[in-house]
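Visitor: Coordinates for the following, if possible.
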Amino acid sequence: MKKNIVAAFALVFALASCNSQLDDINTNPNATEHPLPAYLLTGTLKQGADLYWGADNNFNSSLLFVQQWAKIQYTEPDRYDVSNTSFTTLWNTGYATLITDLNTILNFTDEEAHSNYKGVALALRSWVFQLLTDAYGDIPYSEAGQKTTPKYDAQRDVYLGLLNDLKTAQSLLSTSGEKIEGDVVYDGSIAKWKKFVNSLRLRIALRIADRESDLAKQEVTAVVADAAGLIDSNAGNFQFVYTSSPQQNPASAWFETRDDFRVSKTLVDKLKALSDPRLAVYAQLPTDESVTTYVGAANGLSNSEANNQGFAKTSKPGTYFLTSESPAVILSYAEVQFSLAEAVARGFISGNADTYYKEGITASLKQFGVTDATVIETYLLQPAVLYNAANYKESIGLQKWIAFYGQGLDAFAEWRRLDYPQLTAGVSTVLDGKMPSRFFYPGTEQSLNGINYQLAVSSQGPDLLTTRLWFDVN
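Guide: Sure, this is the predicted structure:
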């Protein structure tokens with residue numbers, strides 16, 4: 001009997017030792033079991049910029065939809081010949097990487113991450129959710145990161161939730177609080193983060209303005225009155241500045257090995273009509289030296305039609321956007337000024353809409369290196385540029401579209417919301433003359449979260465590119 005007991009204990013100790021060894025084997029020696037908030041913040045900012053400015057969500061989709069760029073070969077995305085596997089990156093990276101890492105910071109104890117880290121994390125999470133709902137519509141929000149099969153929240157509820165989250169973020173941020181590290185955007189300036197929070201809140205408030213005018217007015221009024229202020233110069237733009245390879249701008253990396261994008265004819269022709277000095281920044285002259293002017297490529301053509309326009313006879317995007325260090329602008333001073341102009345036009349706040357509108361254009365021109373006062377004044381005085389109080393959406397919509405060059409996701413959202421400029425689908429597109437109004441949900445949602453996916457579709461409408469989202473009224 002004693003021998004059996006001894007043998008049993010020996011077996012237990014042997015198994016315990018074995019399990020310990022297995023634990024050691026299954027532990028990644030390079031993994032950080034308790035990541036520091038600074039590391040998570042740096043990673044989130046870089047990965048978020050890549051997501052926003054990269055191919056899948058920007059120049060191979062939304063920049064095509066708003067006709068700022070065009071395809072000169074491999075034209076399927078430009079003809080809207082895409083599937084539910086085409087828009088997975090925004091969803092997968094947004095949830096599995098960005099929101100997961102930001103939730104990690106938010107779930108840290110106060111000793112692991114102080115309130116300024118949490119305020120920044122909540123602001124960035126709000127931005128990611130905004131991108132997701134702008135693109136897809138109803139999305140997992142309230143249960144995201146909490147359940148493996150989270151419910152989809154209605155877009156209205158997402159926007160309202162984000163407005164509340166940003167109020168919380170503002171309350172967490174304190175200029176007299178502890179410093180943050182790992183901030184590769186604002187270098188630890190909490191004052192600038194507070195301005196970003198208010199500017200993002202202003203953006204989202206206007207997203208709901210056509211549906212919830214009274215609530216939007218309440219939000220805008222509160223934001224404008226907040227002592228923290230808004231982004232008030234180009235120096236305060238929320239942007240990620242890239243460095244040399246391999247940490248380079250995604251468009252720069254793309255053009256090192258590929259040549260399938262051109263500036264859209266729609267944009268080039270409009271900038272020419274306005275004698276817009278940004279054209280020389282937005283586009284390059286064709287490589288064929290016999291072509292002495294900027295030439296855009298038409299959107300929505302077949303591969304052969306697009307090729308026939310001539311690789312050497314059409315304009316690539318400007319070198320400003322294709323250098324390794326080109327910044328990924330995410331929320332600019334120009335956008336804030338246009339938003340304030342709209343807020344005045346809607347009667348949400350007092351002020352002069354024309355003044356804000358002109359300052360928005362001026363800020364955009366200076367952002368892209370056009371600083372000559374005479375050039376700016378000449379541009380502003382053109383009849384086609386003058387602010388039209390009788391149709392503020394047309395004036396602001398056009399100039400915001402121009403200013404958003406390169407920011408495909410937000411250009412796409414604002415074009416749908418403001419309905420200007422008026423764009424026409426290309427001749428070889430596949431949506432019966434219609435243009436996209438959203439991204440497809442990833443196909444994996446049907447298998448991994450099928451019940452909630454079906455509930456979302458039954459509420460929002462068919463999972464099609466042409467299904468209009470809640471905020472997109474007209």
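
Visitor: How about the contacts made by residue 267?
Guide: If you count contacts by C-beta atoms under 8 Å, 6 or more residues apart in numbering, residue 267 has them with 67, 68, 282, 296, 402, 405. In short, each C-beta sits where N, CA and C put it, glycine included.

Visitor: just how off-centre is the helix or strand harbouring residue 341 within its chain?
Guide: In this assignment (DSSP states H and E), residue 341 forms part of helix 333-345. Distance of helix 333-345 from its chain centroid, counting by C-alpha atoms, centre = their mean, to the nearest Å, is 18 Å.

Visitor: now stretch 347-359
Guide: For stretch 347-359, the distance to the chain centre is 25 Å (C-alpha atoms, centre = their mean).

Visitor: Please apply the same query to stretch 432-449.
Guide: 18 Å.

Visitor: start to end distance for that stretch?
Guide: When the termini of stretch 432-449 are compared using C-alpha to C-alpha, to the nearest Å, they are 31 Å apart.

Visitor: average pLDDT for it?
Guide: Averaged over stretch 432-449, pLDDT sits at 96.

Visitor: If you count neighbours, what's buried in that stretch?
Guide: Using 16 or more other C-beta atoms under 10 Å as the test for burial, stretch 432-449 gives 435, 436, 437, 438, 439, 440, 441, 442, 443, 445, 449.

Visitor: Pull the residues that contact that stretch.
Guide: Counting by C-beta under 8 Å, 6+ apart, 61, 65, 80, 82-88, 90-92, 135-137, 140, 149-150, 416, 423, 425, 429, 453, 456, 463-469, 472 sit against stretch 432-449.

Visitor: same thing but 7 Å
Guide: With contacts defined as C-beta atoms under 7 Å, 6 or more residues apart in numbering, stretch 432-449 is touched by 65, 80, 83-88, 90-92, 135-137, 149, 416, 423, 425, 453, 463, 465-469, 472.

Visitor: Ok, stretch 282-297 next?
Guide: 70, 72, 262-269, 271, 279, 306, 309, 312-319, 405.

Visitor: Tell me which of the residues you listed fall in helices.
Guide: Among those, the members found in helices (DSSP state H) are 265, 266, 267, 268, 269, 271, 279, 306.

Visitor: I'd guessed the second one sits against residue 67; true?
Guide: Yes: with contact defined as C-beta atoms under 7 Å, residue 266 counts as touching residue 67 (3.9 Å).

Visitor: When the two are compared, which one has more neighbours?
Guide: Taking other C-beta atoms under 10 Å, residue 266 and residue 67 do not tie; residue 67 has more neighbours (27 against 21).

Visitor: contacting residues for the more buried one?
Guide: 264, 266, 267, 299, 423.

Visitor: Just give me the neighbour total for the first one.
Guide: Same thing as residue 264. What residue 264 shows, counting by other C-beta under 10 Å, is a neighbour count of 27.

Visitor: Report the beta-bridge partners for it.
Guide: residue 297 (DSSP bridges).

Visitor: Local confidence estimate at it?
Guide: On the pLDDT scale, residue 264 is placed at 98.

Visitor: how about it, what does it touch?
Guide: By C-beta under 7 Å, 6+ apart, residue 264 lies in contact with 67, 68, 69, 70, 296, 297, 299.

Visitor: tell me which element the first one is part of?
Guide: Taking DSSP H and E as the definition, one finds residue 67 inside no helix or strand.

Visitor: Give me the neighbour count for residue 374.
Guide: Residue 374: 7 neighbours (other C-beta under 10 Å).

Visitor: Would you double-check that it falls in a helix?
Guide: Yes: counting by DSSP: H, G, I helix; E, B strand; the rest coil, one finds residue 374 located in a helix.

Visitor: Check the gap between it and residue 334 for me.
Guide: According to C-beta to C-beta, to the nearest Å, residue 374 and residue 334 sit 20 Å apart.

Visitor: before we move on, the earlier item: what's the distance between the helix or strand just after the helix holding residue 341 and the middle of its chain?
Guide: As assigned by DSSP H and E, the chain's next helix or strand after helix 333-345 is helix 353-367. Once both centres are worked out by C-alpha atoms, centre = their mean, helix 353-367 turns out to sit 21 Å from its chain's centre.

Visitor: got it, and stretch 336-348?
Guide: With C-alpha atoms, centre = their mean, you get 21 Å for stretch 336-348.

Visitor: what does stretch 138-154 give?
Guide: Distance of stretch 138-154 from the chain centroid (C-alpha atoms, centre = their mean) equals 20 Å.

Visitor: With stretch 156-167 instead?
Guide: Centroid separation for stretch 156-167 versus its chain: 17 Å, with C-alpha atoms, centre = their mean.

Visitor: next one: stretch 312-332
Guide: Relative to its parent chain, stretch 312-332 has a centroid offset of 16 Å by C-alpha atoms, centre = their mean.

Visitor: From one end of it to the other, what's the distance?
Guide: Terminal-residue distance, stretch 312-332 (C-alpha to C-alpha): 33 Å.

Visitor: tell me which residues of that stretch are tucked away?
Guide: 314-318, 320-322, 326-332.

Visitor: Check whether residue 368 really touches residue 281, as I assumed.
Guide: Yes: with contact defined as C-beta under 7 Å, residue 368 and residue 281 form a contacting pair (4.5 Å).

Visitor: Identify the contacts common to those two.
Guide: Joint contacts of residue 368 and residue 281 (C-beta under 7 Å, 6+ apart) are residue 320.

Visitor: any chance you could map the strands in the stretch 301-450 of the chain?
Guide: Assigned by DSSP state E, counting those that start in this stretch, the stretch 301-450 of the chain shows strands spanning 328-331.

Visitor: Which residue, other than its chain neighbours, is closest to residue 159?
Guide: residue 208 (5.2 Å; C-beta to C-beta, 6 or more residues apart in numbering).

Visitor: picking that back up, now do the helix holding residue 341 against helix 353-367, angle only.
Guide: 170 degrees (axes from the mean of the first three to the mean of the last three C-alpha atoms, to 10 degrees).

Visitor: model confidence over helix 333-345, on average?
Guide: In this model, helix 333-345 carries a mean pLDDT of 98.

Visitor: residues in contact with the residue nearest to residue 356 when sequence neighbours are not counted?
Guide: Using C-beta to C-beta, 6+ apart and skipping residues adjacent in sequence, the residue nearest residue 356 is residue 341, 3.7 Å away. Residue 341 is in contact with 353, 356, 357, 360, 396, counting by C-beta under 7 Å, 6+ apart.

Visitor: let's see it at 6 Å
Guide: Taking C-beta atoms under 6 Å, 6 or more residues apart in numbering as the criterion, residue 341 is in contact with 353, 356, 357, 396.

Visitor: and stretch 114-126, which residues are buried?
Guide: Applying 16+ other C-beta under 10 Å to stretch 114-126 flags 114, 116, 117, 118, 119, 120, 121, 122, 123, 124, 125, 126 as buried.

Visitor: The fifth one reaches residue 169, doesn't it?
Guide: When you say that, I think you mean residue 119. Yes: contact between residue 119 and residue 169 holds when scored by C-beta atoms under 6 Å: they sit 4.8 Å apart.

Visitor: On the three-state scheme, residue 92 is what?
Guide: Going by three-state DSSP: residue 92 is helix.

Visitor: My error: substitute residue 239 in the last question.
Guide: strand.

Visitor: Return the per-residue confidence for residue 247.
Guide: Looking at residue 247, the pLDDT reads 85.

Visitor: for residue 183, same thing?
Guide: 97.
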